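Enquirer: Next come a sequence and a model predicted from it.
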Amino acid sequence: MCCIKEEIRKLSYNKVLIAFLTICLLFNAGVILASSNTSSELKTILQDYQPQSGKEIFKDIDGSGLGSMYYDERYIDSHILVALMHEKYQKLELPIEQLAKEQADLSTYAGELTPYVHRALFEYLTKAIMIEGILLFTFLVLETFFMEQHNKTLYTVYSSLRGRRIVFDKMFSVLLIGMLGMVILSCLSYFAFFQIWDFEKIWDANVASSFNYITDSDEPFLWKPFITWTSFTVKQYFCATLVLMVGIWLAWWLLSMMTVLVNKRISVAIGILAGGLIIPFFGLILFRQLPELPELYCLNTFSITVNVYYSHMWFTDQGYHTILPWQETLSVILHLVLGLLGVFVGYHVFRRKDVC
Amino acid sequence: MLFINNVTKKYGSFTALEEINLELENGVYGLLAPNGAGKTTLLNMIATLSFPTHGEITWGGTDIVALDEKYRDILGFLPQQFGYYKNYTPKQFLKYMATLKGIEKDKINTLIDTLLEKVSLSDVKDKKMKKFSGGMIQRVGIAQALLNDPKILILDEPTAGLDPKERVRFRNMIRELSGERIVILSTHIVSDIETIADKIIMIRNHKLFCFDTLENICNTLDGKIYELPLGSKIDEEHILLYERQCSEGTMQRFYCEKNIRNGIPVRPNLEDVFLVVYRDER
């Protein structure tokens, strides 16, 4: 515990950390202000708020029909992918029935402004916070680990009684500082957001309202209903998103630790972590052109980048971008397990590795 | 007892050290070799910062890698490049190192005060280290190496950056400390170890060249070191070691396997041995 305290103290001397959080806060303020015009419109609409004013749409939708565009062989030239998509959309029929029964589609949400509201909160602000968290954890892991190399203190630190086990103190100090930083940043950002956007009458609306829809700009059609795998109120959807976002940060924290444990050079570590974030982004376009390697495409859909990129569609079918129901949740769990295993293996490599 | 048993260290195809065998009991050992000979590599392995490619290092009959923290608990290390956190004061830094060394919390403050007094840094214990001179930093390094009262004290180039007065004080301190512990002192400054080392370890071409007392090592050159006044006629076989000023003027010191006519035979010292042994090394 004393060692964790010392590692926190070492990190707290870093001015870049404060600068980073300040820049993020200013950026988030910009994101919030950019959507402030719509927020005043929302206030006007909500004054005449009428519950259940949406349209009944789920009765006429069938999952397989919705998915048929995705697994149409004109767009996917891989039997494996077609089979996976087919199965996923068959499974979507049950949630559609449930949502229809609950009359989720009749929920008003934010009326005609629903897509803007949903986007402002989940696509812009939450996604920005999510990425900021990933960057913060990456920075903290690199800083705490390579600080000893940079200050040339690794000789005295690693030859002490605590020795190489200090990496665990570093790990937990990063977790504590990172989480504290992100809690402050998130609280301030959401506080500012909810000052501008009035969500009081929205929280209990169903997120699968007929006013909400998903725009798939790179798909054969432009929009489709917001069909979640289970019924969520906006409040529940927001909470679930926050939980998964924390899961992504934790997974990235573990994966970053694993990366620094198995290599000595900061440039290599940065390269691996940056590659891990950027390559899947290009993979979204690239791997779809390689139908003979469907495994690559499937793997890519599990990456953190793809999950973050489509975070405003979490807990829905997500079209081409997932191959399984609840994939974003499964992906985070998978990354957490892999991260834990990676840190375990990485530490055993590190214990027997020359540090100088 | 610390055994270095047939230790070889390779980095890819480069052999930094080859088949080193040493047996160290309590006392001061001077590790003497020119830069790049493998001194730091050997010390890093003893400090468990790197591991032998072949062979093993044992303490009390057990491999130090297996002993893990039990071994590091008795280790004090001042590295060649002693690093510190610029925003820390010596007191904060030593507190941090004491925590890493598992020293009991209630003893830390007293211990740090004693050590800072010993290295004459009490006056500046609360000043940030970024304002310190090289010598002051080195003294903080010495203090941190002594925090856990180590049974094995490794000092890699400890006098680098110290002025002559500090060097003498440092030597006296090592002499005081050398009772019940192994002190390994690595340097290429001959005078640092000439007066305090019980045994000298010399590495040449990445191999152990000799491991003996100062007297025995110097005796190997007995009758082969001569002095001549500057300008004296010399043969090709004479190897000039250095020049020195004395009351008779400038004297040149030579090494020669054969007897030098008119040459004044002198008692070899460790510096002569160093210059002769490493004369071909750059």
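Expert: Everything's here; your move.
Enquirer: mind checking the SS state of the residue in the stretch 1-150 of chain B that chain A sits nearest to?
Expert: Among all residues of the stretch 1-150 of chain B, residue B:83 sits closest to chain A, at 2.9 Å; criterion: CB to the nearest CB. (Each C-beta comes from the backbone N, C-alpha and C, glycine too.) Reducing the assignment to helix, strand or coil with DSSP: H, G, I helix; E, B strand; the rest coil, the entry for residue B:83 is coil.
Enquirer: give the contact list for it.
Expert: For residue B:83, the residues meeting the contact criterion (CB atoms under 8 Å, 6 or more residues apart in numbering or on different chains) are A:148, A:151, A:152, A:153, A:154, A:155, A:156.
Enquirer: right, and the fifth one touches residue A:356 too?
Expert: Yes - under the contact definition of CB atoms under 8 Å, residue A:154 touches residue A:356, with a separation of 6.4 Å.
Enquirer: which residues of chain A fall in strands?
Expert: With strands called from DSSP state E, chain A shows them at A:213-215, A:223-225.
Enquirer: between those, which gets nearest to chain B?
Expert: Closest to chain B of the strands of chain A is strand A:213-215 (CB to the nearest CB; 50.0 Å).
Enquirer: Can you pull up the most central residue in the chain?
Expert: As the question left the chain open, I've gone with chain A. Most central residue of chain A, judged by C-alpha distance to the mean C-alpha position with CA atoms, centre = their mean, is residue A:308 at 3.6 Å.
Enquirer: I was after chain B.
Expert: Central residue of chain B (CA atoms, centre = their mean): residue B:186, 1.7 Å from the mean position.
Enquirer: Now the phi/psi pair for it, please.
Expert: Torsion angles at residue B:186 (phi, psi; degrees, to the nearest 10) stand at phi -100, psi 130.
Enquirer: ok, back up a step: mind checking how far the residue of the stretch 1-150 of chain B closest to chain A is from residue B:97?
Expert: 12 Å (CB to CB, to the nearest Å).
Enquirer: what does residue B:188 give?
Expert: When CB to CB is applied, the distance between residue B:188 and residue B:97 equals 27 Å.
Enquirer: got it, and residue A:252?
Expert: For residue A:252, the distance to residue B:97 equals 31 Å [CB to CB].
Enquirer: Check residue B:174 too.
Expert: Here residue B:174 is placed at a distance of 20 Å from residue B:97 (CB to CB).
Enquirer: Those two: which has the busier surroundings?
Expert: Using other CB atoms under 10 Å in any protein chain shown as the criterion, residue B:174 and residue B:97 rank with residue B:97 on top: 26 against 22.
Enquirer: Please, which helix or strand holds that one?
Expert: Secondary structure from DSSP states H and E places residue B:97 in helix B:90-100.
Enquirer: Could you find the closest non-adjacent residue to the residue nearest to the centre of chain B?
Expert: In space, and not counting its chain neighbours, residue B:186 is closest to residue B:31: 4.0 Å by CB to CB, 6 or more residues apart in numbering or on different chains.
Enquirer: likewise residue A:232?
Expert: Sequence neighbours aside, residue A:207 is the residue nearest to residue A:232 in space, at 4.7 Å (criterion: CB to CB, 6+ apart).
Enquirer: Sketch out the strands for the stretch 1-150 of chain B, chain order is fine.
Expert: B:2-11, B:14-24, B:27-32, B:54-59, B:62-63, B:75-78 (DSSP state E, counting those that start in this stretch).
Enquirer: Tell me, how many residues neighbour residue 82?
Expert: Going with chain A. Applying other CB under 10 Å, we find 18 residues neighbouring residue A:82.
Enquirer: that's the wrong chain, I wanted chain B
Expert: Using other CB under 10 Å as the criterion, residue B:82 is surrounded by 25 other residues.
Enquirer: Got phi/psi on the residue of the stretch 51-200 of chain A found nearest chain B?
Expert: Residue of the stretch 51-200 of chain A nearest chain B, by CB to the nearest CB: residue A:152 (2.9 Å). According to degrees, to the nearest 10, the main-chain angles of residue A:152 amount to phi 60, psi 30.
Enquirer: now do residue B:209
Expert: Per degrees, to the nearest 10, the residue geometry at residue B:209, taken as phi and psi, is phi -90, psi -50.
Enquirer: So, low pLDDT: which residues of chain B?
Expert: Residue ranges of chain B with pLDDT under 70: B:282.
Enquirer: which residues sit in contact with residue B:186?
Expert: B:30, B:31, B:32, B:39, B:40, B:43, B:80, B:154, B:155, B:156, B:157 are the contacts of residue B:186 under CB under 8 Å, 6+ apart.
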